[in-house]
Every structure is written in structure tokens, then in C-alpha cells.
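1. Fold the following, please.
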Amino acid sequence: MNSQDLRKKFLDFFVKKGHKTIPAASLIPENDPSVLFTTAGVQQFKRYYQHPEEALSSKIVTVQPCFRTSDIDEVGDNTHLTFFEMLGNFSFNDYFKEKAVDLAIEFLTKELNLKLADLEFYIFGGDKEAPRDDESERILKARKITRIKEGNRNNNFWGPTGDEGPCGPTIDIYSNGIEIWSLVFNEYYKNPDGSYRPLETKGVDTGMGLERMLVVLNGLTNVYETDVFVDVIKKIEKITKHSYKDKLRSFRRISDHYRSSIALINAGIRPGKNERESVLRIILRVVFVEINNIISTYKEKKQYENELERAKDILRNTRFLDISSEITSLFDDCDKEIQDVVNLEYLIYQRMFGSGVAYLEKNINKEMITGREIYEGRGTFGLDINGVIELWKTLKKPFSPNIESETKKAQKEHQEISRAGIGMFKGGLVSGGNQETKYHSATHLLLAALRQTLGDGVHQKGSNITAERLRFDFSYPEKLTPEQIRQVEDLVNEKIKEDLPVKMEEMSLEDAKNCGAIGEFGHKYGYKVKVYSMGDFSKEICGGPHVERTGVLGHFKTIKEESSSSGVRRIKAVLE
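-> Numbers count the residues shown, from 1 in each chain. Here you go, the predicted structure:
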């Protein structure tokens, strides 16, 4: 069975069971600042578990593209991917555990012809925060299922996405050691303080990994043998003139990140320095590095005076090939916009090679390299972790005895900084408001002022809020003149002085568009959205938070206007 057949079979089955098909959400979550990307099919529906009356149907089915970086270092093994598709069926205060189990069993055994006796079912074993899921065990045993095992919170308790939200125990279904389907029973709500309370309305959220299920159905050994990867792997073989079997891990990383980068670019993301942009930049650079590594073959041909000179020569021969034609060939079946983004990023990467050499020169004289130095090399210069490690091994230099924990600690600190930078805000109007709330509200005035000054072709491309300043990226082809900057600044301050009321309304996406609300990033919004209006000056679809009146914002002052990436400008500003 190929991927197209499996998608269709899944949708058709649940439609026959009374579910409504809903289009996939964007990879950039709407009205959910708790995460950078859409990591699960449930994200666009989280609100419905508390407010089922708002859903288009009490039973929904989707095929949702997802992007996760939590297992990015595992990409290259048999099952882990950054970009994948999740098949899911959802119930909002409709059916619950018993019906969800029956639907899953029927689909697996009747539609996919899997043998029930070959499947393993894991339930939540309970802990100090939530009880053992005895109900699921009873339901499974009543259906003559005997291969039932207990799992812990890490494996059999899902959610929430972010710090709060619906969550609950799961039944995870395995076939031949591969997890193929997770049935999530949303019966709790995790509060911001970490406590749990029972949900008044129960719900079901399931996720079946498309690629993993294809492995099971076709008797394969890994996801890269499925039809979603076959063509790109053949292309990589042709480009690099190497066999997939000889360079398994590199081919797998390239093919996964190839799919991921196309998906992120199509979602409106461009390589850059802020949160989502940096993720795209990193995965593209992994593609560049891996193709370089496959094509280049370094052989020592001379004696070196010292290890530093030898290391620099290794670096030049293994990292500095011009693979622009290979990169162009890899993406030649994509549309021109994607090709332009990738080719520009490759040119930028080439210019960074000198910085990479300087970084390694600085550290190569050390007797020992630490995990932090390895991680910094990856993040700052796009050198992949394994590339730095392999070079160090070649030099027969020792690693810090705590290399693994140091690298993980550096990675965790980076992730925490990124999460803090994105502004984990909850929606709503805040009387007075803290500085982050004020800066978030100010971005709405800034966008409206930019559009009024520069034209309606201006669109938001990203933002970063701290307690000290705002950073706002927007589409515009050229540097702003001092006069344009002054006009924008004056207009924002004029609207602050007018002390405009800030009003929030929840409405359907169609109504939001009809009333002239702006929605950025090319989102595919959910059915219900929040629209924030600041007088008649600004009207945007947004998740909040916002002040109640613009008069509390103070004085808006631009401190810098610069380029962010090709066709994108950046303004940094403060409120005084």
C-alpha cells in the first residue's frame, strides 16, 4: 500500500463513521504561542475539548503534516523524522474510550488486514499525578486482547502542548516493535501551576504515523523504504554518485531535511536568526554538509608540520567543495520560490566557511573539546555536531568525559532561550499589562503604520518580544528612508496618544476576513479565531495578549532598521 492509498482509506473509513474531514492546519500554529510548529493533529482543535460547541462537528478526521525537532538528533535511524504526516480522528464530548478502541481495532483489522493477535497495547500505569488507566485495560480485555503492557508518563500520557491544556492517558498500539497509533483520552486539564483537574467534557485525540504505518503494511524495515522517500533517495544517488546503502545515515538525513525544508518554506518561513527561521537554516545546512561529506573523499597526500595545519587541510577538503549545482539539482522539481530560497541560503552558507575555520582553529589547539564547544559550533556556524566530532576523532584528540551531558545541557539552554524569546503569551486583554504585553500590542500598531506608510504589500514575517524591546520583521524590498521611518514612528505615537480602545471578538475565519482583519504568515486558520481591533486603525487575527487601551504603551521609538533576509526588513523599537 502506498501513502496516497493509506491517506484515502483512513479518511474514507472515518467519514463513513460520521466524522467530518477538516483541512490540515499550517505548520505555523495559529492562536497557539506555546509551540513553534504544529507538532500534532490536535493543535488546531485544543480549544474544542473545553468548548465542543464551537467545533464544526463533534467528530473530526484529518491528515496533518507535522514538524518536530525534539528528536532531530535521532533522524537517520529507522523511524525518526522531523517532518511527517499524522492521521487522526477526534471526538469532542462525543464518543470516548470504548468507541475509540472499537474504531481503531476495526480499521486495523478490517481495513488494513492486520492480525489483532500480532498487536501490542500499552496503557498508562499511573503515577503520583494521575491514576492508572484501569478503564482502558478493562476495555481491551473485554475485546479478547491479551498483549497488554504498562507504560509510564513519558510514553503513555500525552500533553499538553505547551504549559497548559487538555491532556490524558493513552493507549499506544505497536506492531513488530513499531508504534503505529496512539489513542489519547483527554480527560484532564493541566493548569499553569502544574496541577491537574478533570475536564468537564471528555474527548478523544488519535495519531497514526503515516510513514511508520507504511513500514508495517509493506513489510519494510524503515521509513526511508516507503514511497514518500524512494524518489528523493534515487535523486541523491544520482547527484552524489554514491549508493544509498554505502551512506545510509547521510542519505536519510538529507531526504528527511529535504522534505522538511520544502514544507517550512511553503508555510512562509525563510532562513534567518529568529526562532522558526533558525530551525529552517539549520536543517538546510545539514543538507549542505551531508552532501559535501558524501561527495568529498579526503586522503592525506603530504606531511604536516603540526596538527593544526593538518586539521585545516582536512576541513578545506571535506567542507569547502562548491556543491551549488548539486543543491540546485536536488531541488529542481520544486517551484522557483523554493529554489531561490535554498540557493540564496547556500550562498550565505558558503560565506560562513571562513568563520567556521576560525572557530575550529580557536578550539583545535585545546587538549580537550567540551560539549558546549561542539554545540556552539553547530549553532553558530552551521557545522553539524557529528562533523565536529569526526574531525576531532581524526586528530586523535580527547573529548571531555562529560561530553554527552554537556552537549545536551547546551542544547537545552538554547531551547529555553528560544522558548522565552517567542513570548509564551496567553490570549486576552490585560488591564495595564506587563512590558511583554505592551510590546505585543505595539506590534499591531507598527504593522498598521507600516502598511499605511509603505502600502498594503507589507506583511508581517516574524516578531520577537522581550521585556526590553520588540523586534518586527516585515516584507519590503528595500531599505527604509529616514523620512519613512519617522513617518511610521509618528503614526504609531499618534495612535498611542489617541488612547484607542482595544477590542477582542471571537468569530469564524470567514467573518474575520469579511470584516477586513489581517492574518499573517499564510496560516490555514481553525474555524474560530480571535480578532483584535485598535479603534479603526488596526484589525488583526491574533492570539493575544493585549492591553485594554493604547494610551498605556508610552512613547514608541525606533532604534534600528535593517535587513533580516532577502526581501524582508527588520525594525527594533522600544517603548519609553
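2. Skip the chain neighbours and tell me the closest residue to Thr370.
-> Among residues not flanking Thr370 along the chain, Ser400 sits closest, at 4.5 Å (CB to CB, 6 or more residues apart in numbering). The way it works is simple: take the backbone N, C-alpha and C, and place the C-beta from them, glycine included.
3. Now do the contacts for the one you found.
-> By CB atoms under 8 Å, 6 or more residues apart in numbering, Ser400 lies in contact with Met368, Ile369, Thr370, Gly371, Glu406.
4. ditto for Ser91
-> Ser58, Lys59, Lys99, Ala100, Gly203, Val204.
5. Could you double-check that the fourth one sits in contact with Ser182?
-> If I follow you right, that is Ala100. No - between Ala100 and Ser182 there is no contact under CB atoms under 8 Å: 10.9 Å.
6. shared neighbours of these two, anything?
-> Both Ala100 and Ser182 are in contact with Thr206, where contact means CB under 8 Å, 6+ apart.
7. Correct me if wrong, but Arg197 is in a strand.
-> Yes - read with DSSP: H, G, I helix; E, B strand; the rest coil, Arg197 is one of the residues of a strand.
8. Skipping its backbone neighbours, what lies nearest it in space?
-> Nearest to Arg197 is Tyr189, by CB to CB, 6+ apart, at 5.4 Å.
9. For the one helix or strand that neighbour maps to, give the mean pLDDT please.
-> Assessed by DSSP states H and E, Tyr189 sits inside strand 178-190. The average pLDDT within strand 178-190 is 93.
10. Also stretch 339-352?
-> What stretch 339-352 shows for mean pLDDT is 84.
11. who touches it?
-> 261, 265, 270-271, 281, 284-285, 288, 322-324, 327-328, 331-332, 334, 381-382, 566.
12. ok, 7 Å please
-> For stretch 339-352, contacts defined as CB atoms under 7 Å, 6 or more residues apart in numbering pick out 265, 270-271, 281, 284-285, 288, 324, 327-328, 331, 381-382, 566.
13. so for stretch 567-576, what's the average pLDDT?
-> Computed over stretch 567-576, the average pLDDT equals 88.
14. then it to PDB, C-alphas only?
-> Extracted in PDB, the C-alpha atoms of stretch 567-576 (Å, rounded to 0.1, in the frame of the first residue of the first chain):
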ATOM      1  CA  GLY A 567      13.000  40.900   0.700                       C
ATOM      2  CA  VAL A 568      12.500  41.200   4.500                       C
ATOM      3  CA  ARG A 569      13.300  44.200   6.600                       C
ATOM      4  CA  ARG A 570      13.600  44.300  10.400                       C
ATOM      5  CA  ILE A 571      12.700  47.100  12.900                       C
ATOM      6  CA  LYS A 572      13.800  47.100  16.500                       C
ATOM      7  CA  ALA A 573      12.000  49.500  18.800                       C
ATOM      8  CA  VAL A 574      11.400  50.400  22.400                       C
ATOM      9  CA  LEU A 575       8.600  51.900  24.500                       C
ATOM     10  CA  GLU A 576       9.800  54.800  26.700                       C
END
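15. tell me which residues in that stretch are buried?
-> Counting neighbours by 16 or more other CB atoms under 10 Å, one finds that the buried residues in stretch 567-576 are Val568, Arg569, Arg570, Ile571, Ala573, Val574, Leu575.
16. got TSV for those, with secondary structure too?
-> TSV is the format used below for the buried residues of stretch 567-576 (three-state DSSP):
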residue	secondary structure
Val568	strand
Arg569	strand
Arg570	strand
Ile571	strand
Ala573	strand
Val574	strand
Leu575	strand
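17. Please export the C-alpha coordinates of the strand or helix carrying Val531 as CSV.
-> Per DSSP H and E: Val531 is located in strand 528-534. Presented in CSV, the C-alpha positions along strand 528-534 are these (Å, rounded to 0.1, in the frame of the first residue of the first chain):
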residue,chain,number,x,y,z
LYS,A,528,-12.8,30.1,15.3
VAL,A,529,-10.3,32.9,15.5
LYS,A,530,-9.8,35.9,17.8
VAL,A,531,-9.8,39.4,16.1
TYR,A,532,-8.2,42.3,17.9
SER,A,533,-9.1,45.8,16.9
MET,A,534,-7.5,49.1,18.0
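18. Now do it: distance to the chain's middle.
-> How far strand 528-534 lies from its chain's middle: 24 Å, per CA atoms, centre = their mean, to the nearest Å.
19. Could you do stretch 134-148 as well?
-> Mean-position distance between stretch 134-148 and its chain equals 35 Å (CA atoms, centre = their mean).
20. what's that stretch in contact with?
-> Lys97, Glu98, Val101, Ile105, Leu116, Leu119, Glu120, Phe121, Ile123, Pro169, Ile171.
21. Can you point out the buried residues in it?
-> Buried residues in stretch 134-148 (16+ other CB under 10 Å): Glu135, Ser136, Glu137, Ile139, Leu140, Ile145.
22. on that earlier part again, name the helices or strands packed onto the strand holding Tyr189?
-> Other elements packing on strand 178-190 under the criterion 3 or more CB pairs under 7 Å, 6 or more residues apart in numbering; DSSP states H and E are helix 97-106, strand 165-175, strand 196-209, helix 210-217.
23. for the record, mean pLDDT for the shortest one?
-> Put plainly, it is helix 210-217. Per-residue scores along helix 210-217 average to 96.
24. Any chance of the contacts of stretch 339-352 in CSV with neighbour count as columns?
-> CSV is the format used below for the contacts of stretch 339-352 (neighbours: other CB atoms under 10 Å):
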residue, neighbour count
Ile265, 23
Arg270, 22
Pro271, 25
Arg281, 22
Leu284, 25
Arg285, 22
Phe288, 24
Ser324, 13
Ile327, 22
Thr328, 14
Phe331, 21
Phe381, 19
Gly382, 22
Ser566, 14
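25. Return the item of those having minimum pLDDT.
-> Lowest confidence among these: Gly382, with 49.
26. For Trp158, give me the pLDDT.
-> pLDDT, read off for Trp158, is 88.
27. could you list every residue that touches the nearest residue to it once chain neighbours are set aside?
-> Closest residue to Trp158 apart from its sequence neighbours, by CB to CB, 6+ apart: Val184 at 4.4 Å. Residues near Val184 by CB under 7 Å, 6+ apart: Trp158, Gly168, Thr170, Asp205, Thr206.
28. ok, and the most crowded of these?
-> Asp205 (30 neighbours; other CB atoms under 10 Å).
29. OK, contacts around it?
-> Val42, Gly88, Phe90, Val184, Asn186.
30. Now the two most distant members of those.
-> Spatial extent of the contacts of Asp205 (CB to CB) is set by the pair Gly88 and Asn186 at 12.7 Å.
31. Same drill for those two, tell me which one is more crowded.
-> It is Asn186, of Gly88 and Asn186, that has more neighbours when counted by other CB under 10 Å, with 29 against 26.
32. In the beta-sheet assignment, what are the partners of that one?
-> Gly203 (DSSP bridges).
33. And it, how close does it get to Asp163?
-> From Asn186 across to Asp163, the span is 16 Å (CB to CB, to the nearest Å).
34. which stretches of the stretch 251-400 of the chain form helices?
-> Counting by DSSP state H, counting those that start in this stretch, the stretch 251-400 of the chain has helices at residues 275-295, 307-319, 324-330, 336-351, 353-364, 371-381, 385-394.
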